[in-house]
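Participant: one predicted model, sequence on top.
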Amino acid sequence: MPDLEQIFAPLAAADLQLDEGQQVVALGLYRELSKGTPVRRERLASALNMPVREVDEVLESHALSCLAFHDDSKAIVGFGGLAVVKMAHKFIVNGRTLYTWCAWDALFIPELLGATAQVESTCPETQSPVRLRVAPDGVETVEPPETVVSFLLPEALRIEQTAAETMKSFCHKVYFVASPEAGRAWTEQHPGTFVLSLDDAFGLAQMLKMLNAHRFRSRLVSSPRNQRVRPARARRRWPGRRARLAEEPLVREGRY
């Protein structure tokens with residue numbers, strides 16, 4: 001099995017560099033979607049206290065447009081792993097039912113929202129339920145406890161040009177699986193995939209959080225309306241073995 005650095009390297013290499021305006025709009029969009037309804041640009045502009053024209057320009061940039069998909073009215077219904085339309089992984093935050101594009105999204109999006117999520121999914125091999133409680137700083141509970149995650153081998157990982165393409169090539173291969181045995185059975189039927197422990201899957205999410213800390217700088221813990229004038233400077237830490245991820249070569253080299 002490849003190590004975490006090998007798995008994460010293709011994701012880090014494809015990192016989208018966001019300028020200040022894109023950072024504000026992207027994080028604001030995550031938080032507006034977390035309210036559970038499609039997001040129109042006028043609503044997002046109001047939430048961010050920005051002109052609609054400016055929000056339009058930012059959303060139309062490739063860095064953000066490739067992460068979004070819309071309904072027939074052009075309202076945004078999904079962005080960067082989070083959605084308000086039904087998908088395979090139910091993601092309940094503050095009493096609102098949302099969805100994530102893949103299992104891994106459910107492990108890092110709680111930090112972006114600053115909220116704990118109840119995650120409900122179905123093992124693709126056994127069709128049995130998988131349930132987790134994921135806080136911004138870790139997985140608090142999981143049932144069944146032997147749950148693993150299917151993931152793509154590094155050579156199979158690629159970031160596509162549209163949200164729909166990414167969902168097809170990546171998200172439809174990344175699931176919560178009820179046990180290592182079920183995981184092996186499922187991955188044997190899906191070339192280019194392998195079984196990742198839940199601990200290691202969250203370790204990858206922690207590496208992405210470091211990337212998000214760089215991408216969004218201090219905005220992760222600030223209020224959307226105040227992001228442009230009073231950025232918060234607090235940073236999260238995590239206990240135990242996950243703290244050692246800071247020693248991974250990609251992190252030491254400052255690549256994300």
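Facilitator: Arrived safely. What you see is a predicted model; the values in this text were computed from it and never measured.
Participant: tell me what residue 134 is bridged to.
Facilitator: residue 117, residue 139 (DSSP bridges).
Participant: cool, residue 143 as well?
Facilitator: Beta-bridge partners, per DSSP bridges, of residue 143: residue 131.
Participant: run through the residues that contact it.
Facilitator: 129, 130, 131, 132 (C-beta atoms under 8 Å, 6 or more residues apart in numbering). Glycine gets a C-beta too; all of them are placed from N, C-alpha and C.
Participant: kindly report the same for residue 21.
Facilitator: 54, 58.
Participant: check the one 4 residues further on too.
Facilitator: Under the criterion of C-beta under 8 Å, 6+ apart, the contact list for residue 25 reads 44, 48, 50, 55, 58, 59, 64.
Participant: and the gap between the first one and residue 91?
Facilitator: Plainly put, residue 44 is 20 Å away from residue 91 if you go by C-beta to C-beta, to the nearest Å.
Participant: which one of those two has more residues nearby?
Facilitator: Using other C-beta atoms under 10 Å, the more surrounded residue of residue 44 and residue 91 is residue 91, with 27 against 24.
Participant: need the per-residue pLDDT for the more buried one.
Facilitator: pLDDT, residue 91: 98.
Participant: out of the contacts of residue 143, which is nearest to residue 121?
Facilitator: residue 130 (4.7 Å; C-beta to C-beta).
Participant: what number of residues lie near the closest residue to residue 97 other than its chain neighbours?
Facilitator: Nearest residue to residue 97, sequence neighbours excluded (C-beta to C-beta, 6 or more residues apart in numbering): residue 90, at 6.2 Å. Residues lying near residue 90 (other C-beta under 10 Å) number 18.
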